Each structure stands twice: as structure tokens, then as C-alpha cells.
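Asks: would you be able to build a 3D model of this:
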Amino acid sequence: MKRSPMKPTRRPIRARSAKAVARDEARRACVAAVIARDRVCQFPVLLELYEAERGETLLKEGDRRCMGPLVAHEPKHRRNVDPTDPDACIAVCSWHNGRAEDLGYLAFAIGFLERGNGAPYRRRG
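Replies: The predicted model follows:
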């Protein structure tokens with residue numbers, strides 16, 4: 001049976017609103033300010049402070065390495081802070097930014113992540 005060719009459908013790309021353009025420009029300026037301020041990934045710094053306070057080593061050396069470009073990370077939930085505020089962000093490498101969720105309670109304990117309601121994270125068990 002012979003098939004008829006399908007007619008290609010193309011949808012025009014929607015124009016971005018002025019509000020979205022202004023928000024993105026403000027976010028880019030915030031990211032540039034955070035990276036200029038911190039200059040290095042802050043995850044190992046937070047981890048070392050936490051380990052010095054507790055007197056124990058929590059991660060092996062391989063988990064401390066930094067890879068990839070620096071990005072701005074918001075430890076607090078976006079609904080609690082303005083994502084364009086440089087004081088609400090820290091600079092981290094893209095590897096640690098992606099790894100934050102894998103670390104679970106440790107990311108909350110060292111201050112890398114905070115709960116949406118501001119309550120401290122408590123480890124079960």
C-alpha cells in the first residue's frame with residue numbers, strides 16, 4: 001500500500017515578552033556578579049568548614065574535585081528569595097551543582113541546600 005507524504009507542519013516561534021527578556025538579563029547580571037565575587041567553587045569550602053567543625057572527613061578526595069564552568073546556585077528555595085539577588089547565590093562548578101541532590105542530607109547539613117520552608121534538615125534514623 002502506498003503512503004501519501006505527510007504535510008510538514010510548522011509553528012512560528014513565539015516572541016518573548018519584555019518581562020521575560022528583562023528577567024533573563026537580570027539573572028545573567030546576577031550570575032556574572034556571583035562568579036566575579038566568589039571566583040572558585042564554594043562547595044569544597046562549605047564542606048571543609050563543616051568537617052572542621054565536626055572533626056571528621058565526610059567525603060573522599062574524588063568527590064571534592066571540581067569540573068566544568070562555574071554557575072550560580074541558590075541554596076534557598078526560589079520562592080523565598082529573589083533569584084536575581086547576588087547575595088542569595090553562591091558560585092559552584094557545574095559538577096557539584098548537579099551532584100547536590102545525590103548527596104542528600106549532607107548537602108542540607110553543610111548549607112548547600114535549604115528546605116523551602118526554612119526548616120533545618122534532620123537525618124532520619
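Asks: distance of Ile13 from Ala32?
Replies: 27 Å (Cβ to Cβ, to the nearest Å). No exception for glycine: its C-beta is placed from N, CA and C like everyone else's.
Asks: more neighbours: the two, which one.
Replies: Counted by other Cβ atoms under 10 Å, Ile13 and Ala32 do not tie: Ala32 has more neighbours, with 12 against 6.
Asks: and that one, what pLDDT?
Replies: Listed pLDDT for Ala32 reads 95.
Asks: same check, this time on Leu70
Replies: Listed pLDDT for Leu70 reads 92.
Asks: and it, what does it touch?
Replies: Contacts here follow Cβ atoms under 8 Å, 6 or more residues apart in numbering; on that basis Leu70 touches 35, 38, 40-41, 91-94.
Asks: among the residues you listed, who's most crowded?
Replies: Busiest of the contacts of Leu70 [other Cβ under 10 Å] is Val92, holding 28 neighbours.
Asks: pLDDT of the helix or strand containing that one, averaged?
Replies: Here Val92 is covered by strand 90-93, with elements defined by DSSP states H and E. Taken as a whole, strand 90-93 carries a mean pLDDT of 90.
Asks: show me what it packs onto, helices and strands only.
Replies: helix 18-38, strand 70-73 (3 or more Cβ pairs under 8 Å, 6 or more residues apart in numbering; DSSP states H and E).
Asks: what strands line up against it, and which way round?
Replies: strand 70-73 (antiparallel) (DSSP bridges).
Asks: with only the CA atoms kept, save stretch 89-106 in CSV.
Replies: The C-alpha coordinates for stretch 89-106 follow below in CSV (Å, rounded to 0.1, in the frame of the first residue of the first chain):
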residue,chain,number,x,y,z
CYS,A,89,23.5,32.8,45.4
ILE,A,90,26.9,31.1,45.6
ALA,A,91,29.2,30.1,42.7
VAL,A,92,29.7,26.3,42.2
CYS,A,93,31.1,24.2,39.4
SER,A,94,28.6,22.5,37.2
TRP,A,95,29.7,19.1,38.6
HIS,A,96,28.9,20.0,42.2
ASN,A,97,25.7,21.7,41.2
GLY,A,98,24.5,18.5,39.6
ARG,A,99,25.8,16.4,42.5
ALA,A,100,23.9,18.3,45.2
GLU,A,101,20.8,16.2,45.0
ASP,A,102,22.9,13.0,45.1
LEU,A,103,24.4,14.0,48.4
GLY,A,104,21.1,14.1,50.2
TYR,A,105,21.3,15.1,53.9
LEU,A,106,24.9,16.2,53.6
